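Visitor: model the following, please.
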Amino acid sequence: MIQDYFNLALKNLRRKKLRSWLTILGILISIMIIFFLISLSFGLSNAINEQFKMLGSDKFFIMAKGQLGAPGTGGAVQLTTKDVEIVEKVLGVKTATYFVAGNAKVEFNDKSRYFMVIGIPMDKTDALELIAESANLKADDGRLIAKKDLGKVMIGYDYAYNNVFGHLVRAGDTLVINGKEFKVVGILSRIGNPQDDKNIYMIMEDFKELFNSGDRVDEILVQVQNENEIKQVAEKTKQKLMKFRDVTEKTIDFTVLTPEELLASIGIILNVITAFLVGVAGISLLVGSVGIANTMYTSVLERTKEIGTMKAVGARNSDILYIFVIESGLLGLVGGIIGVIFGFLLGKGVEYVAVNQFNTTLLQVATPFYLFAGCLGFAFLIGVFSGIFPAMQASRLKPVDALRYE
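Guide: Now for the predicted structure:
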């Protein structure tokens, strides 16, 4: 019996091909947008999780609250190397290091650009290792900078592979940074973030000479002895620094962020953005459902005599109801299938452009099976609910009135 309902519904949809496709279009666009946005959100979340896995669960960060924007952009409040010394003495801290950053004029191949330059302290053997591990810095060509490397730098992936200066930079070449020459000793592997892949790293002595930064610290990186105690150590560090800087909970001028807190903050932002965009897509879905309802009402009017004939030969109200509900459900399902296909292709297209044009692996899509199933089921249900009232109207028609209908 159910198969007969589906066969009748498909036959009726094929008879009205143009109207059916126009109705499907509304659902198609809505499901395509919803699938694309959710898959993009999943992909971005996965990429961020991967970044935090590389960071490790035994590290946390400290930065000044007055710092606006990216490190090195300055602010009313600043951390100093004295703060780093206090952090190092906290019970449970294995090691602590820091970095400073500044925007510099970089010249190469008779062209100049402005990029972020990062200074790394070399007073401890594990300082570079800790920063390299947390930022996933690996040498693609040449090597990482060392304590002895005055007048030398290591540079991001983009300089060697993306024609930043119209000519590829190689290990051994020379860059002019704020008017001073620096030899490139290493090219870093791709990180996946366009900003990070254009960073330039030098030892702290060179940085202080270029930027006159003194004892300024933009961010402190702390590694704990036991990753299971990271929250407790982070809290101890916060209390020690508050006492040293003579601030209270109300006047505290720095922020301590553990990986879990960073991930939670980013997750909230992603969820809000995704919810907003899906909400916008939901409006088009509402329009699509109205289109299905309109098509089904029109279909009821056009097939009034047909309904009367079916009832005259024994069709029950429930039979008529099922036929029209299945028909509207199929409209939604077909729109959902095509929408999912287009949404998947759109997502892969955006991912391809992000990797090849913008050199970022953060913008990628994730398409778990339940996303496909959820979108298709949702599209079918939207179709069913949109067709319920027209179907009820069709099922309530009296055979005599239906057969007399002109």
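
Visitor: restricting to C-alpha, output the longest strand along the chain in CSV.
Guide: Longest strand in the chain, counting residues (DSSP state E): strand 93-108. In CSV, the C-alpha atoms belonging to strand 93-108 read as follows (Å, rounded to 0.1, in the frame of the first residue of the first chain):
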residue,chain,number,x,y,z
VAL,A,93,55.8,25.8,36.7
LYS,A,94,58.3,23.8,34.6
THR,A,95,59.5,26.7,32.5
ALA,A,96,58.3,30.1,31.3
THR,A,97,59.3,32.2,28.3
TYR,A,98,57.9,35.1,26.4
PHE,A,99,58.0,36.9,23.1
VAL,A,100,57.6,40.5,21.8
ALA,A,101,56.2,41.6,18.5
GLY,A,102,56.4,44.6,16.3
ASN,A,103,55.3,45.8,12.8
ALA,A,104,58.3,46.4,10.6
LYS,A,105,59.2,47.5,7.1
VAL,A,106,60.6,44.6,5.3
GLU,A,107,62.5,45.1,2.0
PHE,A,108,63.5,42.5,-0.6
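
Visitor: which is the next helix or strand following that strand?
Guide: Per DSSP states H and E, the first helix or strand lying C-terminal to strand 93-108 is strand 111-120.

Visitor: buried residues in the helix or strand that that following strand is followed by?
Guide: For strand 111-120, the following helix or strand on the C-terminal side (DSSP H and E) is helix 127-135. By 16 or more other Cβ atoms under 10 Å, the buried positions in helix 127-135 come out as 127, 128, 130, 131, 132, 133, 134, 135. In this view, the C-beta of every residue, glycine as well, is placed from N, C-alpha and C.

Visitor: elements contacting helix 127-135?
Guide: Applying 3 or more Cβ pairs under 8 Å, 6 or more residues apart in numbering; DSSP states H and E, one finds that helix 127-135 contacts strand 93-108, strand 111-120, strand 219-224.

Visitor: let me know the angle separating it from strand 93-108.
Guide: Counting by axes from the mean of the first three to the mean of the last three Cα atoms, to 10 degrees, helix 127-135 lies at 80 degrees to strand 93-108.

Visitor: make JSON lines from the helices and strands packed on helix 127-135 and add mean pLDDT to it.
Guide: Below are the helices and strands packed on helix 127-135 laid out as JSON lines (pLDDT from 0 to 100):
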{"stretch": "strand 93-108", "mean pLDDT": "91"}
{"stretch": "strand 111-120", "mean pLDDT": "92"}
{"stretch": "strand 219-224", "mean pLDDT": "91"}
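
Visitor: out of these, deepest packed?
Guide: Mean neighbour count (mean count of other Cβ atoms under 10 Å) peaks for strand 219-224 among the helices and strands packed on helix 127-135, with a mean of 23.

Visitor: in its sheet, what does it sit against?
Guide: Applying DSSP bridges, strand 219-224 is found paired with strand 59-64 (antiparallel), strand 93-108 (antiparallel).

Visitor: out of those strands, nearest to residue 385?
Guide: Residue 385 lies closest to strand 59-64 among those, at 48.6 Å (Cβ to Cβ).

Visitor: helices or strands up against whichever strand or helix holds residue 330?
Guide: In the assignment (DSSP H and E), residue 330 maps to helix 317-357. Counting by 3+ Cβ pairs under 8 Å, 6+ apart, the packing neighbours recorded for helix 317-357 are helix 2-15, helix 17-55, helix 259-302, helix 304-312, helix 369-395.

Visitor: so which elements touch the last one?
Guide: Right, helix 369-395. On a contact count with 3+ Cβ pairs under 8 Å, 6+ apart, helix 369-395 meets helix 17-55, helix 259-302, helix 317-357.

Visitor: how far off centre is the shortest one?
Guide: Its chain's average C-alpha position is 12 Å from that of helix 17-55, according to Cα atoms, centre = their mean, to the nearest Å.

Visitor: buried residues of that helix, list them for me.
Guide: 19-20, 23-24, 26-45, 47-48, 51, 55.

Visitor: could you give the angle of the helix holding residue 330 to helix 259-302?
Guide: Per the same axes, to 10 degrees, the angle that helix 317-357 makes with helix 259-302 is 140 degrees.

Visitor: roughly how far is helix 317-357 from the heart of the chain?
Guide: Mean-position distance between helix 317-357 and its chain equals 23 Å (Cα atoms, centre = their mean).

Visitor: just stretch 127-142 next, same as before
Guide: 24 Å.

Visitor: now mean pLDDT too, for the helices and strands packed on helix 369-395, in a markdown table please.
Guide: Converted to a markdown table, the helices and strands packed on helix 369-395 look like this (pLDDT from 0 to 100):
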| stretch | mean pLDDT |
| --- | --- |
| helix 17-55 | 77 |
| helix 259-302 | 71 |
| helix 317-357 | 83 |
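
Visitor: skipping adjacent residues, who's closest to residue 61 in space?
Guide: Of all residues beyond its chain neighbours, the one nearest residue 61 is residue 257 (4.9 Å), with distances taken as Cβ to Cβ, 6 or more residues apart in numbering.

Visitor: just the buried positions in stretch 181-188, please.
Guide: 182, 184, 185, 186, 187, 188.

Visitor: so where's the stretch 51-200 of the chain uncertain?
Guide: 51-56, 66-76, 125 (pLDDT under 70).

Visitor: what's the closest non-adjacent residue to residue 224?
Guide: With Cβ to Cβ, 6+ apart as the criterion, residue 224 has its nearest non-adjacent residue at 4.6 Å, and that residue is residue 233.

Visitor: picking up where we left off before, what angle sits between the longest strand of the chain and strand 111-120?
Guide: Using the same axes, to 10 degrees: strand 93-108 against strand 111-120 is 170 degrees.

Visitor: begin at 872 from now on, thanks
Guide: Happy to do that; since the first residue is 872 now, the last one works out to strand 964-979.

Visitor: can you tell me the centre-most residue of this structure?
Guide: residue 915 (2.8 Å; Cα atoms, centre = their mean).
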